[in-house]
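[1] This is a predicted model, with the sequence first.
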Amino acid sequence: MATLDDDLNELAITISMAIEKARQLKLSTSAYILSMALVEVWETTKGGERNIAGDITQ
C-alpha cells in the first residue's frame, strides 16, 4: 500500500513530465500552471530536494 509521501512523489514526477511536455509544445501558460501545482506538492512534502530541472530527487 502506497503512503501519502509515495503518492505525492509520484504526483510530482507526473507533473514534472507534464511540464516538460508543455514546454516542448511551447505551451507556456500550461507549463506555468503545472509549475505552480508542483510547488504545492513540494510544499506539502517539505522533504524533497529539487534539482535544476525541477524534478524531485529521492
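    Right, received. Where do you want to start?
[2] quick one: the one residue sitting closest to the centre of the chain from residue 24, how far?
    Central residue check for the chain by C-alpha atoms, centre = their mean: the C-alpha nearest the mean position is that of residue 12, 3.4 Å away. In this structure, residue 12 lies at 19 Å from residue 24, with C-beta to C-beta, to the nearest Å as the measure. In short, each C-beta sits where N, CA and C put it, glycine included.
[3] Residue 2 now?
    Counting by C-beta to C-beta, the gap between residue 2 and residue 24 amounts to 29 Å.
[4] Pull out the buried residues from the top helix by length along the chain.
    Of all the segments of type helix in the chain, defined by DSSP state H, the longest one is helix 4-24. Along helix 4-24, these residues count as buried under the neighbour rule (16 or more other C-beta atoms under 10 Å): 8, 9, 11, 12, 15, 16, 18, 19, 22.
[5] can you list the weak-confidence ranges in the chain?
    Counting by pLDDT under 70, the chain has low-confidence residues at 47-58.
[6] Please pick out the residue of it most distant from its centre.
    Relative to the chain centroid, the chain (C-alpha atoms, centre = their mean) has residue 1 farthest, 21.7 Å.
[7] how much space between it and residue 25?
    In terms of C-beta to C-beta, residue 1 sits 36 Å off from residue 25.
[8] ditto for residue 6
    Using C-beta to C-beta, residue 6 is found at 29 Å from residue 25.
[9] you'd agree residue 8 is up against residue 43?
    No. Taking contact to mean C-beta atoms under 8 Å, the distance of 10.4 Å between residue 8 and residue 43 leaves them out of contact.
[10] how far away is residue 7 from residue 15?
    Separation of residue 7 from residue 15 (C-beta to C-beta): 12 Å.
[11] And residue 24, by the same measure?
    In this structure, residue 24 lies at 15 Å from residue 15, with C-beta to C-beta as the measure.
[12] any idea how far residue 25 is from the closest residue to residue 45 other than its chain neighbours?
    With sequence-adjacent residues excluded and distances taken as C-beta to C-beta, 6 or more residues apart in numbering, residue 45 is closest to residue 8, at 5.0 Å. Distance check for residue 8 against residue 25: by C-beta to C-beta, it reads 26 Å.
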